[in-house]
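Chemist: just the structure for this:
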Amino acid sequence: MNQGPIILLLLVLHGCATFNLDRKQSMTHYNVGISYLDKGDTASAIKELREAERLYNKDPKIVHTLGMAYFKKGEVDLAVQQFKKALELGPGNEIIIEEFNVISEKLKELTLASEKIKGISVISEKLRNEILKKMLAEGIGAYNDGNYYHAMEEFNEILLIDGKNAEAQRLLKEAREKIGELAAPLLKEAVEAYKKGDIDAAIISFKKVMNVEPENKEAKEYLGKIDTGKIEATIGKEVEMHYLRGIKFYTDGKHEEAIESWKKVLELEPRHEKAGMNIEKAQRKIEGVTKTK
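Modeler: All right, here's what the predicted structure looks like:
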């Protein structure tokens, strides 16, 4: 009996199984990396995301997210390389294109800012002030959008260049106060749930705390006591529930309710691409209805 075809089939099946296993393991590392990234632990995020990319390097989402992690760490050259690879894998992905364009501009500013910080006087006073103005505008924009942590990062960068910038000092103080106002009740709620043994509710509230204040030590400590798999499963279930609820509202023509549901998704998973895009889509629907009245 000729066993050649059977052996070939077994090899093919083994290859498919290995591919699927690698992809599954890749997504596990990706999700852990995202969790670290949301917590502000960039080094751990990069480690997990690099492993995710090693196991499966054809997903633009993984490649793009690793680029974001490199950028947050200040590894600008590696960040650019990752974004270029992500665009090759997903050339039509509007989110990747938009973020790449924004970060390309940001890289120019940060490069000049870095040189200034090191004492290399290579930019004119006029250009320096223009850079500070753009950074301040971005910080204020983030502040007005309720993204106080990102706003705080921008104001801190300004103060690295111009330590006496009064507006940046004032806004930094206000951003810190806003973060405290938002994080404090969530943290209290989370700790109370944890002590009562309601671990699911605790996880959700701690996750919200980390999204508001990624460096919150108390939230990190409590989450460190809970199994990572349990955290991922709980968050995943909650995210899916709010996302599908938003879809139902949107289908029923309840666009404002849909937006509120998708905002709850973003409270737990800020990088949820579909929720973000759907919010914009629902807002356009509301604007269209308003204009026709």
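Chemist: count of neighbours near the nearest residue to K220 once chain neighbours are set aside?
Modeler: Of all residues not flanking K220 in the chain, K39 sits nearest, at 6.4 Å (C-beta to C-beta, 6 or more residues apart in numbering). Bear in mind the C-beta positions are built from the backbone N, C-alpha and C, glycine included. Other residues near K39 number 20, with proximity taken as other C-beta atoms under 10 Å.
Chemist: residue contacts, K39?
Modeler: Contacts of K39 were listed using C-beta atoms under 8 Å, 6 or more residues apart in numbering, and they are 210, 214, 220, 223.
Chemist: you'd agree N31 is up against G229?
Modeler: No. At 10.1 Å, N31 does not count as touching G229 under the criterion of C-beta atoms under 8 Å.
Chemist: residue ranges for the helices of the stretch 51-200 of the chain, please.
Modeler: Taking DSSP state H, counting those that start in this stretch to define them, one finds helices in the stretch 51-200 of the chain at 60-73, 76-89, 94-117, 125-144, 148-161, 166-196, 199-212.
Chemist: closest to E256 out of those helices?
Modeler: Of all the helices of the stretch 51-200 of the chain, it is helix 125-144 that lies closest to E256, at 20.3 Å by C-beta to C-beta.
Chemist: tell me what angle that closest one forms with helix 148-161.
Modeler: Put simply, helix 125-144 runs at 160 degrees to helix 148-161, going by axes from the mean of the first three to the mean of the last three C-alpha atoms, to 10 degrees.
Chemist: can I get helix 125-144 in CSV, CA atoms only?
Modeler: Output of helix 125-144 as CSV, limited to C-alpha atoms (Å, rounded to 0.1, in the frame of the first residue of the first chain):
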residue,chain,number,x,y,z
GLU,A,125,13.0,80.3,19.7
LYS,A,126,10.1,80.8,17.2
LEU,A,127,10.0,77.2,16.2
ARG,A,128,10.3,76.1,19.9
ASN,A,129,7.3,78.2,20.8
GLU,A,130,5.3,76.7,17.9
ILE,A,131,6.1,73.2,19.1
LEU,A,132,5.0,74.1,22.6
LYS,A,133,1.8,75.7,21.3
LYS,A,134,0.9,72.5,19.4
MET,A,135,1.7,70.3,22.4
LEU,A,136,-0.4,72.6,24.6
ALA,A,137,-3.3,72.4,22.1
GLU,A,138,-3.1,68.6,22.0
GLY,A,139,-3.1,68.5,25.8
ILE,A,140,-6.1,70.8,26.0
GLY,A,141,-7.9,68.7,23.4
ALA,A,142,-7.3,65.5,25.4
TYR,A,143,-8.4,67.3,28.6
ASN,A,144,-11.7,68.5,26.9
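Chemist: ok now it, how far from the chain's centre?
Modeler: Here the centre of helix 125-144 is set off from its chain's centre by 22 Å, with C-alpha atoms, centre = their mean, to the nearest Å.
Chemist: and E157, what pLDDT?
Modeler: Listed pLDDT for E157 reads 79.
Chemist: D162 against Q169, yeah?
Modeler: No. With contact defined as C-beta under 8 Å, D162 does not count as touching Q169 (9.9 Å).
Chemist: okay, those two: which has more neighbours?
Modeler: D162 (19 against 15).
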